[in-house]
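**Q** I'll drop the sequence and a predicted model, then ask my questions.
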Amino acid sequence: MIKAVRGTRDLLPPDTALWNFVESAARDVFRAYNFQEIRTPIFESTELFARGVGEETDIVSKEMFTWEDRGRAESEKGNSLTLRPENTAGVVRAYIEHKLWDHGLNKLYYIGPQFRRERPQKGRYRQFYQIGAEAIGPASAGSESPARDAEVLEMLATLLDRLGIAGWNLELNSVGCLNDRAAFNDALRKALEPVVGKMCTDCQRRAVTNPLRVFDCKVPADQPIIDTLPRISQFLDEACHTHFEAVKEILTKVGVPFTLNDRLVRGLDYYTRTAFEFTHGALGAQNAILGGGRYDGLSESLGGPAAPGIGFAIGEDRIVMSLQESSTAESMLTKPDVYLAPLGAGMNAQAARLARELRRHDIVVDLGDETFRLKKSFETATKAGAKYILIVGENEVKADAFALKNLATGEQVSVPRADLPNKIRE
RNA sequence: GUGGGAAUAGCUCAACUGGCAGAGCACCGGACUGUGGCUCCGACGGUUGCGGGUUCGAUUCCCGUUUCCCACCCCA
């Protein structure tokens, strides 16, 4: 048997109803903030992710699905292509390619699959789904304003509340600009030098490759040491500090609760200033349901003009997972308003005509078959959750009035053809 | 990529120290020829994930492999 490949899965009804619920709630909320949809290709030049996400990140160095395309001629070498591991780089690429700065501030959202070659576990798949948004444009259009950061964060709080996800927590930090980070990294290396020998092997490695990540360490014995290390907050320059203060002030005034976490660092190279994560308990080790931040230098690093921006990506798989605990996807499924039961030879055609009429009135119609015994039609209609069953037999056709039975109450009446739509919608 | 656990009917799970592979639910049919849900009866359903080994005999023990799960690494 051929099975779905490692780390991929089929989404089936009734669960798909839950996915649609999440996606349409997101679209509704985004619309209220005037975000518009963008759709970018699911594969791009490998170079885009190497330059955008960062050559040294785990994502680029070992977690991408990359292959070489065929060249135009036999002798010619093809391009290196990659399934997108995230969507921000693609959006910024499109921003540059289509000169979207002509529109001032762009508020864009996307919903779609992403791909990472990681070891699968619960809430982590090789094809996973993200719902994300980016506010990007020239600084003169307000893209660099703390108002954007606060707007995006408040939008996310609204969406999570709307989805009924109780108990989310917004963790907030500022990772400063590139200069701040350089100074902080130096200080961190210096501070780590005398103590790193006492830390876990992971931290010893991180101290060399990416000192920032030492803050992610969960080894209890290392925590007292980590507590003594310098924090990025001490290295923010005047502009970054002011920016961060303004974001916090707006959030407080609009009533979005947050927790400051000066150990929060993000894995992708392009993040600057505001960095955030929404977490939710009861999701195991994968407790982050969304993450994001500002990426003021990303456009330039991809060869574009200065275009400050802020965005986020929601792990849709994890949102759906947390909803499955509280709500039943079953209840979100569309159910037929009426089940048509053709009874006897020639009745399929009669039922088809009726079904067509009813569907024109936006009535959800399910249709049986004339060879079914009536008992079977009733069973099928009941199992499908239909509200009514309509019998289409010789007698009914002759009288041009049909037996309509309410499957919940058991009440059955004969209804003239012309009255059916109104009667069914009652 | 590292460490650990698991895999038996469509689903949830049994099967004693290694001795005929089972139940509940679901599905299909019947009791009931144009009236469902409840009840009763019946039928269907399996190379025990896959491949090898030990054995008279393997779902059971051993080795390999695949997938899922848990935790790392990392991340949404």
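**A** That came through, no problem.
**Q** residue of the stretch 101-250 of chain A closest to RNA strand B, please.
**A** residue A:122 (2.7 Å; Cβ to the nearest atom of the strand). C-beta: built from backbone N, CA, C; applies to glycine.
**Q** now do the lowest-mean-pLDDT helix or strand in chain A: everything it contacts.
**A** The least trusted helix or strand in chain A, going by mean pLDDT, DSSP states H and E, turns out to be helix A:201-209, with a mean of 77. Applying Cβ atoms under 8 Å, 6 or more residues apart in numbering, the contact partners of helix A:201-209 are A:56, A:189, A:192, A:196, A:197, A:199, A:213, A:214, A:217, A:219, A:222.
**Q** now it: how far from the chain's centre is it?
**A** 32 Å (Cα atoms, centre = their mean, to the nearest Å).
**Q** please pull up the helix or strand immediately following that helix.
**A** helix A:223-227 (DSSP states H and E).
**Q** next, format the contacts of helix A:201-209 as CSV and append neighbour count, pLDDT and distance to residue A:349.
**A** Listed next are the contacts of helix A:201-209 as CSV, based on neighbours: other Cβ atoms under 10 Å; pLDDT from 0 to 100; distance: Cβ to Cβ, whole Å:
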residue, neighbour count, pLDDT, distance to residue A:349
A:56, 11, 76, 68
A:189, 13, 86, 81
A:192, 22, 86, 80
A:196, 20, 82, 81
A:197, 9, 81, 85
A:199, 19, 82, 78
A:213, 15, 78, 69
A:214, 25, 83, 74
A:217, 18, 76, 71
A:219, 13, 73, 73
A:222, 18, 79, 76
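**Q** ranges for the helices of the stretch 251-400 of chain A?
**A** A:298-301, A:316-326, A:347-360, A:374-383, A:394-399 (DSSP state H, counting those that start in this stretch).
**Q** confidence-wise, which of these is weakest overall?
**A** For the helices of the stretch 251-400 of chain A, the weakest mean pLDDT is recorded on helix A:316-326, namely a mean of 86.
**Q** list the buried residues in the least confident helix or strand of chain A.
**A** A:203, A:206, A:207 (16 or more other Cβ atoms under 10 Å).
**Q** restrict those residues to contacts with RNA strand B.
**A** Contacts with RNA strand B are made by residue A:206 out of the buried residues of helix A:201-209, judged by Cβ under 7 Å from any atom of the strand.
**Q** ok, the buried residues of helix A:201-209 vs residue A:345, which is closest?
**A** Using Cβ to Cβ, residue A:206 is the member of the buried residues of helix A:201-209 that lies nearest residue A:345, at 76.4 Å.
**Q** farthest pair in the contacts of helix A:201-209?
**A** It's A:56 and A:197 that sit farthest apart of the contacts of helix A:201-209, by Cβ to Cβ, at 24.0 Å.
**Q** so residue A:332 touches residue A:15, yeah?
**A** No. If you go by Cβ atoms under 8 Å, residue A:332 and residue A:15 don't touch, sitting 9.6 Å apart.
**Q** what residues are up against the closest residue to residue A:313 other than its chain neighbours?
**A** The shortest distance from residue A:313 to any residue other than its chain neighbours is 4.0 Å, reached at residue A:132 (Cβ to Cβ, 6 or more residues apart in numbering). Listed by Cβ under 8 Å, 6+ apart, the contact set of residue A:132 reads A:87, A:88, A:109, A:110, A:111, A:292, A:311, A:312, A:313, A:314.
**Q** and residue A:132, that's in a strand?
**A** Yes. Per DSSP: H, G, I helix; E, B strand; the rest coil, residue A:132 lies within a strand segment.
**Q** how near is it to residue A:155?
**A** 12 Å (Cβ to Cβ, to the nearest Å).
**Q** likewise residue A:5?
**A** Residue A:5 is 35 Å from residue A:155, by Cβ to Cβ.
**Q** what about these two, which has more around it?
**A** residue A:155 (22 against 9; other Cβ atoms under 10 Å).
**Q** count the residues that sit near residue A:288.
**A** 15.
**Q** was I right to think residue A:131 contacts residue A:87?
**A** No. Counting by Cβ under 8 Å, residue A:131 stays clear of residue A:87, with 9.6 Å between them.
**Q** and for these two, which residues touch both?
**A** Shared contacts of residue A:131 and residue A:87, defined by Cβ under 8 Å, 6+ apart, are found at A:110, A:313.
**Q** more neighbours: these two, which one.
**A** Between residue A:131 and residue A:87, counting by other Cβ under 10 Å, residue A:87 is the more crowded of the two (27 against 23).
**Q** so the more buried one sits against residue A:115, correct?
**A** No. Applying Cβ under 8 Å as the test, residue A:87 and residue A:115 come out as separate, 11.0 Å apart.
**Q** low-confidence ranges in the stretch 151-300 of chain A?
**A** Applying pLDDT under 70 to the stretch 151-300 of chain A flags residues A:267, A:281-286.
**Q** redo the contacts of residue A:132 as JSON lines? Include distance to RNA strand B.
**A** As requested, the contacts of residue A:132 are arranged in JSON lines below (distance: Cβ to the nearest atom of the strand, whole Å):
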{"residue": "A:87", "distance to RNA strand B": "10"}
{"residue": "A:88", "distance to RNA strand B": "9"}
{"residue": "A:109", "distance to RNA strand B": "15"}
{"residue": "A:110", "distance to RNA strand B": "13"}
{"residue": "A:111", "distance to RNA strand B": "14"}
{"residue": "A:292", "distance to RNA strand B": "7"}
{"residue": "A:311", "distance to RNA strand B": "10"}
{"residue": "A:312", "distance to RNA strand B": "8"}
{"residue": "A:313", "distance to RNA strand B": "5"}
{"residue": "A:314", "distance to RNA strand B": "7"}
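**Q** now for those residues, which pair is the farthest apart?
**A** A:111 and A:292 (15.1 Å).
**Q** and for the closest residue in space to residue A:96 that isn't next to it in sequence, the neighbour number?
**A** Computed as Cβ to Cβ, 6+ apart, the closest residue to residue A:96 that is not its neighbour in sequence is residue A:304, at 3.6 Å. Each residue near residue A:304 was counted by other Cβ under 10 Å, and the total is 18.
**Q** now do residue A:90
**A** Close neighbours of residue A:90, defined as other Cβ under 10 Å, add up to 23.
**Q** packing partners for the host helix or strand of it?
**A** Residue A:90 belongs to helix A:88-97 when elements are defined using DSSP H and E. Packing partners of helix A:88-97 (3 or more Cβ pairs under 8 Å, 6 or more residues apart in numbering; DSSP states H and E): strand A:43-45, helix A:46-49, strand A:106-115, strand A:127-136, helix A:298-301, strand A:309-315.
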